[in-house]
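> What follows is a predicted protein model with its sequence.
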Amino acid sequence: MRALVWKESGKVEHEADWPQPGISDDEILVRVKAAGVCMTDIHMMRGTLDFANPPWVLGHEMSGVIEQTGKNTTGWKIGDRVIIDPVVTCGYCKHCLTGKKYLCASGGELGTTYGSGGYGQYVSVKPSNLYLLPDELGFEEGAMMEPLNCTLGAIDRVSKMAGSHVLIFGPGPAGLLFVQLAKAYGALSVTLVGMRDVNLSLGQQLGADYTVNITSASIEEALEGKEFDVVIEASGSVDGVQGCFTYVGRSGTVVLYGLNGSKKPSIDSDMIVAKDLTIVTCISAPLLWNKGIDLVKSGRVNVKDIITHLVPYAEAREFINAIGDKSFSTTKMVFTHE
C-alpha cells in the first residue's frame, strides 16, 4: 500500500509498496480517507517521545471507508463510512472489562505503539473499534473525533465544571476543543492563554470569553490576581504546567493534558496538598465516542473550523516534515487520501 513512513532521518517519506495490513476472520479492513497530524506524531519524529521506532507508519486520528470484512464480523458492510478508535486491546483483561481498555498491557494504539496508522492507505481493526460517521459530517471531521474523544474524557472527569471559571493554557487543537467542551459542560467563563493571535482569535470565535497573548502582555497583569476553579494545561509546555498550579484557586481542579516530553519535574506537590487540589488527566475515553459524535452533530462542538490546513496526500509529506523541523506552523493539519 501507499504510505508516509517515518524514517530514521526524523522525516516522513513516501513509500509506494509498504506492506498492507491483513485481516483475520474477526477484523475489518478500512481504507483511510482522512488522517490528522497530532503533536504526538511530531514529538515522535523529533525523538522526544519514544513510543515506537522508525521505520513506522504514524497516525492515530483517522476516518475512512470499509474495504473488506472478516467472515466472523457482523453489523458492518463494505462501503460504510467510519470513524476509527485506534486503541487495540485484548478485550478480556481487567482494564478492558472496566472501561479502561487503553491500559491493556497486550494492546496499544495504531500509529503510536501498535501497528500501522492513518499515514498509510489501510488499517485493520476489530468491529468494536468502529463508529459510524454521520452523513452530515465529512471525513476530515471524522479524523478530528479522536482528539475530541480524549479532551472530552478529561472534561467529563471534572466534577465541578458547571458554574466554574476556567483558564486554559494553549490555543492549539486541544485547547480549542477544551474551550467548547468547558462551555458545553456549564462553565461561566473561559479564559484562553497563548502566544499566537490567530489561534486566540479562533478561540474567541469558538466561545472563549477572554484571551491573553503572553508575548505582548504580562500574564500576571492580564489576570489581575484572579484565581480559577478549573485550569487546563493543553500547551504541552513545562511553563504551562507550572502556570496551572499558580492560577488555580483553593479546592480547584487542574487538568493535565498536554505532553511535553521534557522529562523535567514540573509539579509542586506541596502546593497541591496546601491548596487541596484535584488533578485530572485523560489519554482516552472509550465510553464517550458516541457522546462526542453527538456533540458535533448537534453543533455544540465545532471541529471543522479548527482544521487550518486540509491537504491532499501528495502534499502531506512536505507539510508534515516542515512542522517537524519547526519551519511551518499550523493550528491543525488533516490530510486526505485520494
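Sure, I can see it. Just so you know, these numbers come straight off a predicted model, no measurement behind them.

> Going by C-alpha atoms from here, please, whenever you check contacts or count neighbours.
Will do.

> mind listing the helices for the stretch 151-300 of the chain?
Listed in chain order, the helices of the stretch 151-300 of the chain (DSSP state H, counting those that start in this stretch) span 173-184, 197-205, 219-223, 238-247, 269-275, 289-297.

> Lowest average pLDDT across these?
Among these, helix 219-223 has the lowest mean pLDDT, at a mean of 86.

> which stretch among the helices of the stretch 151-300 of the chain comes nearest Y92?
Taking CA to CA, helix 289-297 is the member of the helices of the stretch 151-300 of the chain nearest to Y92, at 20.2 Å.

> downstream neighbour of that closest one in the secondary structure list?
The helix or strand immediately downstream of helix 289-297 is strand 309-312, counting by DSSP states H and E.

> Mean confidence (pLDDT) on that following strand, please.
Mean predicted confidence for strand 309-312 is 97.

> Number the chain from 14, please
With 14 as the first residue, the last one maps to strand 322-325.

> what pairs with it, and is each one parallel or antiparallel?
With DSSP bridges as the test, strand 322-325 is paired with strand 346-349 (parallel).

> Name the surrounding residues that touch the strand it pairs with.
46-50, 153, 156, 320-326, 329 (CA atoms under 8 Å, 6 or more residues apart in numbering).

> how far does it sit from the chain's center?
14 Å (CA atoms, centre = their mean, to the nearest Å).

> repeat for stretch 17-25
Here the centre of stretch 17-25 is set off from its chain's centre by 21 Å, with CA atoms, centre = their mean.

> ends of it, how far apart?
This stretch, stretch 17-25, spans 6 Å end to end (CA to CA, to the nearest Å).

> And that stretch, what's buried?
Buried positions in stretch 17-25, judged by neighbour count with 16 or more other CA atoms under 10 Å: 17-19, 23-25.

> Please identify which pair of the residues you listed lies farthest apart.
Most distant of the buried residues of stretch 17-25, by CA to CA, are L17 and G23, 12.3 Å apart.

> which residues sit in contact with W89?
Applying CA under 8 Å, 6+ apart, we find W89 in contact with 82, 140.

> what about it, distance to M75?
From W89 to M75 the distance is 18 Å (CA to CA).

> Flag the shaky bits of the chain, pLDDT-wise.
The chain contains residues with pLDDT under 70 at 274.

> need the contact list for the residue nearest the centre of the chain.
With distances taken as CA atoms, centre = their mean, P160 lies nearest the centre of the chain, 2.7 Å away. Going by CA under 8 Å, 6+ apart, P160 touches 74, 187.
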